[in-house]
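**Student:** starting from these lines, generate the structure:
(5 chains, ligands or ions: 4)
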Amino acid sequence: MRWGLVNAVMLIGLVAFPFWALAADEPFMITLATRAVILALAAVGLNIALGWGGLVSLGHAAFFGIGGYAMGILASHAQGYTPLMEWPFLIEGTKSMPVIWLVAVLASALAALGIGMLSLRTTGVYFIMITLAFGQMLYYFAISWTAYGGEDGVSIYVRNGFPGLNTLVPVEFYGLCLGVLLGVLALNAAVIHSPFGLALNAARQSPDRVRTVGLDPRRLQLAAFVLSGAITGLAGALFADLNRFVSPSMLSWQMSGEIMIFVILGGTARLFGPVVGAVVFVALEHSLGGLSEYWHVFLGALLLLIVLFARGGLIGLVAGRGGGS
Amino acid sequence: MTVLAAHGLVKSFGALRASDGVSLDLRAGEIHAVIGPNGAGKSTLIAQLCGSLIPDSGTVEAFGADVTALSVPARARLGLARTFQISALAMEDTVLANALLGALGARGSAWRFFRPVMRDKALRETAEDALERVGLADAATTRTADLSHGQRRQLEVAIALTMAPKAFVMDEPMAGLGAEGSKTLTAFLDGLRAEAPILLVEHDMDAVFALADRISVLVAGRIIATGTTAEIRANTDVRRAYLGEDA
Amino acid sequence: ETKVGMITTLSGGGAGLGIDVRDGFLLAIEQSGRDDIEVIVEDDQRKPDIAVQLADRMIQSDRVDVMTGIIFSNLAMAVVPSATAQGLFYLSPNAGPSALAGKGCHPNYFNVAWQNDNLHEAAGAYANGAKYENTFILAPNYPAGKDALTGFKRFFEGDPAGELYTKLGQKDYAAEIAQIRASGADSVFFFLPGGMGISFLKQYADSGLDLPVIGPAFSFDQGILQAVGEAALGVVNTSQWNKDLDNATNAAFVESFAAKYDRLPSLYASQGFDTANLLLSALEVADPDDADAFRTALEAADFSSTRGDFAFGPNHHPVQDIYVRRVIKEGDVYTNEIIGVALENHSDAYAADCTY
Amino acid sequence: MTLDETSPMPLALLAEQVLNGLQFGVMLFLMAAGLTLIFGVMGLINLAHGSLYMIGAFAAASVAGATGSFLLALVAAMTAAAVAGALVELVVIRRLYARDHLDQVLATFALILIFSEGTRWVFGSFPLYLDIPDMLSGPVTLPGGIEYPRYRLALIGIGLTVALGLGLLITRTRLGIRIRAGENDREMIAALGVDISRLYTIVFALGAALAGLAGALVGAIQSVQVGMGEPVLILAFVVIVIGGIGSIKGALVGAILVGLTDTLGGIFLPSLFRLFLDPSSAANAGASLASMAIYILMAAVLIWRPTGLFGARG
Amino acid sequence: MTLLSLEAVTAAYGPAQALFGVDLTVAEGEVVALMGRNGMGKTTTVRAICRLIAAQGRLQFDGQDLTALPAHRAARLGIGLVPEGRRCFRDLTVAENLAAAARPGDWDARRVEALFPPLAERRRQRAGSLSGGEQQMLAIGRALTTNPRLLILDEATEGLAPLVRVQIWEAIARLRAESGMAILLIDKSLREIAAIADRAILLERGRSVWSGPMDALSVDLTTRYIGV
Ligand SMILES: Nc1ncnc2c1ncn2[C@@H]1O[C@H](COP(=O)(O)OP(=O)(O)OP(=O)(O)O)[C@@H](O)[C@H]1O
Ligand SMILES: Nc1ncnc2c1ncn2[C@@H]1O[C@H](COP(=O)(O)OP(=O)(O)OP(=O)(O)O)[C@@H](O)[C@H]1O
Ligand SMILES: [Mg+2]
Ligand SMILES: [Mg+2]
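**Tutor:** Ligands and ions are numbered 1, 2, ... in the order given. Reported below is the predicted structural model:
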């Protein structure tokens, strides 16, 4: 099928890209690609809630930011040789990515559980807005959280380490992020074809039906929301590591909006939709930036043309509608 | 033996008493039809029996236990299968996927994240059997939204079948079916009562008189009569309030 | 050939500041007549992650020698530590967060504008001179806002009648103004950059309250004054620069800037101009490839500043006079005149914490 | 502080603050009314509503600058925003009614980019000047000795008048009936012979005009600058969600609730924290919580009533 | 005189074709029944006439080409639709439902209320809170207030209790008798249709397969195409 072809092309492109960049002596292109891959990961996370779960969350920056702060807090303590907490038991900071990832995933999953339990009482636009509300609460909290820099955020000077890799080398860090993305995509593919995926899909379309066969749609959706939040949280940790910096802007509603734009732009409920969306958006941002001081106008116009003429997102445009997941 | 029963159900929407002390029971092996004018509270009664509405007072009993406090899924897991007055289906999915959902529900859990559902033989068999029985086997890979109205009603029944329930509750399964469709479905339901009793809400009097072992007449939230087909046909109140035939 | 990477805010709400810094900077480069300096200008959209990305690009692909341009403290915090850690020089034309002045200072980081607290400290000092005893103070609830009130209180000898942190980006100050009225304060100090300050001043002027107001230059600068209009007339503010500062460099700068861009230069333009001149002066002596020599050349600050005397303290932040200005109307244009000096040869409070 | 920890807030000050909250709420209502109308009638999530607010303010500032008349400026603001709104509806939105909500989100997000940077292109990067008209400047003394800005009183008056007018329009006129009918079933109203496209353009332009009016009115006491619309947009969304989407009454109640919460929260929360924290930490903690207050309000309302105070639909 | 005429009309929902060639005419003052089993395209034909779905072929109303018109213009030519599923404006009151699309003519809210007395008693009640039968009456009344020359009734008795059905059929008969309005009728109950319709058209898989006077409709045809 054509969408299968699109996925394959994307995959090959992502893997081959750094080789091209190295050959063309464009090292920054690798960093840019890393950014795209990480944002894609965040969007893949959102897509699970939004695309398959039908949960349009405008608060995913919360998880992105929590992941980011997990990295910022742990690494800044490790960097300053100050313990994270001494009572009731001693917790030290760390500069090890695997540990940071674990913390980021757990923390954002926990947050998603709490936010999800309350938000899932509502549906539709109300759900959009209540998730936004929780996102904004965390945003304002982070702004005034002086212990970790408030609006200025937390800087770490050197990227964290991953066993067996030199993360300071752009290609190696790119490879690591791509690995994570592909792993998560594989997980995503498995989940949507699993019994859980089937039930989640039905819960989006007809919660009453799901209920009458003896399943609880809200619990299915909550599980999807938690999974989604955890993945976006992981992306947040990587993003913070890419920038060696975390600040409340990672928690802002604009960030939530951008992640959502990636998903819609690429095509909702398509495995590679968010990846296409993020890659295209980052590429546009990069290539239009030099065009004019007012390049946002052109970005806007392009996006507008895409929505008007590409039903079902860019993947839909290329691969045709229907089929999909 | 009583399979499902309502005891003195009261449910108000604001000033309107949609159920005003409704008591009724469904016995093993029977089809019990509930008829009554539009807005009499039939769907409201079904919603309370299945758990999607909580009664203001009164109790619901299923399979010998008080289930008034149980949720819809919990009652479904006990063996209560419902079809909707307005089809509630996963429209973007295939017909088979909808049936698989029922089978999944019957199994009691959807918490499996990795094994592709299509490769689960047991599930597929249950689902395909049910489709076969209602005559939808050929449409298994059709998108549900592309089904005709009548086929959707058949799918509703098929999903109920996948659950191998101990009682069916059906809200106007014939609505919108043409004469032919009604005849087929009537014959099918006739056979189904051997598997599990059916509480049937229906306006199609031909079907009701052909199928029902007992009939209850609900008017303005109250049961005004319960009896055999012959008794109801003869009841002048019913004729005046509902059938519109000269008494 | 020297490559300079300028990351600054050119789009969105804060764009006016970045544009002025850029224009001032480029004016100085142009006037130097040197064609071996390439300035790469990029828009950070006021987003930290974009700023970091641009910095990465400039370092990795463009291989710049010196970076500059950032307007906002939070963006500076995102870019500067990692850029200097990679051996680049960073010359700040505006933001001066305390974290980079004290413990987090770096030998390759130079601030050509001020440490964030400076203008607020000067306002505190001015308040003493004006015999204010219970000034009401307010600022947005974010690190620069807290630095502002801390800076003010560091020098203010009276007892603030009230201390308020407002929401970042807030535009309606009716509630705060009512509190000021009720507090019995004898004056008001506020730090509300950008649109927040415009809103506050207009609403304050309309409220009928006539307590004297002081603030740092940011809310009274050239780019913004026209939008505040009459409400700003007579307000006293503190600044290290004004267009009427009496020195030859400044006179030439003001004239050439106005001639080239057809508007009066702002504080930010002067800072951009000075930053470029500092860079040019160091390039005369050494090459950035020779980091130690280049650093020494920068430390000497051997350039003529639009502010008159200019020197770096031990933490590479300015030691300079800070003036008191008043908003006046010249013809149709609102602008400032200098009415005195608030602090002479002022450095910052964090220098002692800085060890390289 | 003269407002020391133990003495209660003077009644006059409290009254003044309540007025402030009311005024803020009433302005939010102007934004929210258009948004809720557009959402309710067309099912459209219009993120570009904030841009229309900005367009109103810029149009007002330009016209006030050129003519010196505030009244003309208001007319210009409403006209410019209505025209922009109608254009947007005709050129873009019209093609998206049949689509997913999410496509509308993406399209209107793109419109924000175009409008914001386009405005900067035309008007430059510096804020514009727009001031209160002389007639309405300065304070008046209200009963109880409260000195209150005349302009803000006028805002409350204008806002409530618009609310009343809009309420009558929606409930009493044929246009209003058709708008609500379109909300229920847009295909059906067309099948009965009502030109739904024109109705939508009118509603969109009406919503836009209200946003433009709000932008101009608020622009006179705030800054007229690029990007001014988005923070208000978010607040307007909060308002309509609290009130219940599609309900004008809900928008009014929601707006006033949000206005009061925001204003009074900023005052009382720091005082509350002062009971058990030192003044500086109290100011800090209070300010932090105050900035979250309306979001907490919204979350609480939705958890309690998942479709807002007056909403029926999800 | 022919009011409505369709020739070789086709239509599709996205990729799925639903009409393959429908021919149909309704003359002024005539009552025509459109019949066929479930999913044969009756509602789709109605949607094509009302311009709610894009259709190809020749569609004319009163000599005017319908295919170029948007839905509201078609309606204004004098087509009044009572849709499948009633679709009253549920948040509007009865009176507002009757006002929403009213156009000047003989039929106003008063006359509708005279035809359906239950509506008069519920003028201020939300349509959504009416019983099914009352909603059906409202849907018919709403179409009448547009003063149509052709009234289209799609399943006007579906899901109604027998007593209410009788009332609806009586009203339709009165309409025909009193105002001589042309009516295009879709319904499942052959007996009632037979009593009122002049002509019938049978649909089978999106095609019109038979058309003729009501009394020429043989048992053979009805078993074949309707299933009774
Ligand atoms: N959620 C609700 N809120 C308010 N009123 C309701 C609600 N649900 C049902 N009603 C009202 O309760 C009454 C009974 O409705 P119900 O749907 O049970 O009738 P019914 O007998 O199933 O009618 P029908 O034969 O038309 O399906 C009606 O008047 C209906 O409008
Ligand atoms: N919205 C839709 N999308 C896709 N296919 C549709 C849609 N509506 C109807 N169809 C299909 O078009 C065909 C004709 O349907 P239509 O509703 O016109 O039938 P009908 O004769 O009115 O049937 P019924 O008696 O059940 O109302 C059917 O095969 C149906 O499945
Ligand atoms: Mg019912
Ligand atoms: Mg039909």
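
**Student:** list the helices and strands the one helix or strand D:Gly250 maps to packs on?
**Tutor:** Assignment of secondary structure by DSSP states H and E places D:Gly250 within helix D:248-274. Helices and strands touching helix D:248-274, by 3 or more CB pairs under 8 Å, 6 or more residues apart in numbering or on different chains; DSSP states H and E, are helix C:174-183, helix D:11-42, helix D:150-172, helix D:229-243, helix D:279-304. From N, CA and C alone the C-beta is placed, and that goes for glycine too.

**Student:** wait, does the longest one contact chain C?
**Tutor:** Yes. In terms of CB under 8 Å from any CB of the partner chain, part of helix D:11-42 sits within range of chain C, namely D:13, D:16-17, D:20-21, D:23-24.

**Student:** TSV for the residues you listed, including distance to chain B?
**Tutor:** Output for the residues of helix D:11-42 next to chain C, formatted as TSV (distance: CB to the nearest CB, whole Å):
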residue	distance to chain B
D:Leu13	43
D:Glu16	41
D:Gln17	38
D:Asn20	38
D:Gly21	33
D:Gln23	36
D:Phe24	35
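
**Student:** quick one: which two of those are the most distant?
**Tutor:** Using CB to CB, the residues of helix D:11-42 next to chain C reach their maximum pairwise distance at D:Leu13 and D:Phe24, which is 16.4 Å.

**Student:** and after the lengthiest helix in chain E, which helix or strand comes next?
**Tutor:** The helix that spans the most residues within chain E, counting by DSSP state H, is helix E:162-179. Of the helices and strands lying after helix E:162-179 in sequence (DSSP H and E), the nearest is strand E:182-186.

**Student:** so for the helix or strand following that next one, what's the average pLDDT?
**Tutor:** Where DSSP H and E defines the elements, the next helix or strand beyond strand E:182-186 is helix E:190-196. The average pLDDT for helix E:190-196 rounds to 88.

**Student:** can you check stretch D:59-66 too?
**Tutor:** Regarding stretch D:59-66, the rounded mean pLDDT is 94.

**Student:** what residues does that stretch touch?
**Tutor:** D:69-70, D:72-74, D:76-77, D:79-81, D:123, D:128-131, D:212, D:215-216, D:219-220, D:224 (CB atoms under 8 Å, 6 or more residues apart in numbering or on different chains).

**Student:** now the most centrally placed residue in chain B, what's its secondary structure?
**Tutor:** Central residue of chain B (CA atoms, centre = their mean): B:Met170, 1.7 Å from the mean position. Following DSSP: H, G, I helix; E, B strand; the rest coil, we place B:Met170 in the strand state.

**Student:** picking up where we left off before, which of D:Leu13 and D:Phe24 has more neighbours?
**Tutor:** Between D:Leu13 and D:Phe24, counting by other CB atoms under 10 Å in any protein chain shown, D:Phe24 is the more crowded of the two (28 against 18).

**Student:** right, and the more buried one touches C:Ala174 too?
**Tutor:** Yes. Using CB atoms under 8 Å, D:Phe24 is in contact with C:Ala174, at 7.3 Å.

**Student:** can you check which residues contact both of these two?
**Tutor:** Counting by CB under 8 Å, 6+ apart, the common neighbours of D:Phe24 and C:Ala174 are D:Thr263.

**Student:** any idea how far stretch C:136-144 is from the chain center?
**Tutor:** 16 Å (CA atoms, centre = their mean, to the nearest Å).

**Student:** same thing with stretch D:122-142?
**Tutor:** 18 Å.

**Student:** that stretch vs chain A: in contact?
**Tutor:** No. Using CB under 8 Å from any CB, stretch D:122-142 stays clear of chain A, coming no nearer than 9.0 Å.

**Student:** ok, that stretch near chain C or not?
**Tutor:** Yes. Stretch D:122-142 lies within reach of chain C by CB under 8 Å from any CB, at D:125-129, D:131-132, D:137-139.

**Student:** am I right that A:Pro170 is in contact with C:Gln60?
**Tutor:** Yes. In this structure, A:Pro170 is within contact of C:Gln60 by CB under 8 Å, at 7.1 Å.

**Student:** is chain A contacted by the helix or strand harbouring B:Leu104?
**Tutor:** Assigned by DSSP H and E, B:Leu104 belongs to helix B:95-107. Yes. Using CB under 8 Å from any CB, we find that helix B:95-107 touches chain A at B:97-98, B:100-102, B:104-106.
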